[in-house]
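S.K.: build the 3D model from these lines:
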Amino acid sequence: VQSLHVHPVKSVGGTAPDAMAMDPWGPADDRRWAVVDPTGTVITQRQQARLALASSRPLAGGRIALSAPGMPDLVVEVPEPGPLEPVVLFGKKVDTVVASAAAAEWFTSYLGVPARLVHLDDPAVRRPVDPDYALPGETVSLADGYPVLLVTTASLEALNALIAEGDHPEEGPLPMSRFRPNLVVDGPLEAWAEDGWRRIAIGGAVFRGVRECGRCIVTTTDQATAERGREPLQTLARHRRIGKSLAFGRLLVPVVPGTVRVGDEVRVLD
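M.R.: Down below sits the predicted model:
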């Protein structure tokens, strides 16, 4: 494992810890919060690329610290148990709890549009994994659809080589941050080897490999500037179309919770 990544607020920047506790629904503290518009629809970088420039950091007790250009830092407490607020994520409703008015004011000021922050209070029951791919009882946080995203440096190197040969070589090479992974794996691997990983063990955790990760416009967004380009989607469309997906990375579900650390060996079980 070369690096670990946690994004407490969906579509907002996160942190790279040396160790990560893996819960059944994904990394602890990962994507437990989301920004929503007045209709309750989740706002992501698809609609607001400037979310890339904001940062969220997990604190003790589930709290988070927010920062962004031109904004004062803000610590947001976990909301007290209260009425559940259904929000819409990719067309489906998820029950959440609304965070403080201060958090709403912070995101409204930063984005320039009305916004609120919500918290997923109980990831064990609130949102099931896609039933077409899930086993009974599997749940996920506010991640796009699955608990964990793994990518390999070998596949990124191969993708960047393809971009260099394509129509827009000036847009490469792309950094790993474009893909917002949880687990980055380095080592003497063949490109795209992770496509075939059905079950892997890392540290104290075991994961079930579910499917490829279909990529969207967020990958074209420079996470340091919020500017959009054409890559990697153009190259993925030419070289990495799997079914309806422009594929990069492997989606996983933890089947044995445990702690994962930078430097841990990745063991492919089958």
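
S.K.: from now on I want contacts and neighbour counts done on CA atoms only, so please keep to that.
M.R.: OK.

S.K.: who does S55 bridge with?
M.R.: In this entry, S55 is beta-bridged to G13, S67, by DSSP bridges.

S.K.: who's in contact with it?
M.R.: By C-alpha atoms under 8 Å, 6 or more residues apart in numbering, the contact set of S55 is V12, G13, G14, L66, S67, A68.

S.K.: same question for S245.
M.R.: E212, C213, G214, R215.

S.K.: what of V151?
M.R.: The neighbours of V151, taking C-alpha under 8 Å, 6+ apart as the test, are P181, L183, V184, V185, E194, F248, G249, R250.

S.K.: would you put the C-alpha positions of the host helix or strand of it in PDB?
M.R.: With secondary structure defined by DSSP states H and E, V151 is part of strand 148-152. Provided in PDB are the C-alpha atoms of strand 148-152 (Å, rounded to 0.1, in the frame of the first residue of the first chain):
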ATOM      1  CA  VAL A 148     -13.800   1.300  -1.100                       C
ATOM      2  CA  LEU A 149     -11.900   2.300  -4.300                       C
ATOM      3  CA  LEU A 150      -8.500   0.800  -5.000                       C
ATOM      4  CA  VAL A 151      -6.200   1.900  -7.700                       C
ATOM      5  CA  THR A 152      -2.700   0.900  -8.700                       C
END
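
S.K.: so after it, what's the next helix or strand?
M.R.: Next in sequence after strand 148-152, counting helices and strands by DSSP H and E, comes helix 153-164.

S.K.: what lies in contact with the helix or strand that comes right after that following helix?
M.R.: The helix or strand immediately downstream of helix 153-164 is strand 183-185, counting by DSSP H and E. Residues from elsewhere that reach strand 183-185 (C-alpha under 8 Å, 6+ apart): V1, Q2, S3, L4, H5, V148, L149, L150, V151, T152, T153, V266.

S.K.: mind running it again at 10 Å?
M.R.: Strand 183-185 has contacts (C-alpha atoms under 10 Å, 6 or more residues apart in numbering) with 1-6, 16, 20, 27, 148-155, 176, 194, 249-250, 260-266.

S.K.: in ChimeraX, select just the buried ones from those.
M.R.: Buried residues within the contacts of strand 183-185, by 16 or more other C-alpha atoms under 10 Å, are selected in ChimeraX with:
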select :1,2,3,4,5,6,20,27,148,149,150,151,152,153,154,155,194,249,250,260,261,262,263,264,265,266
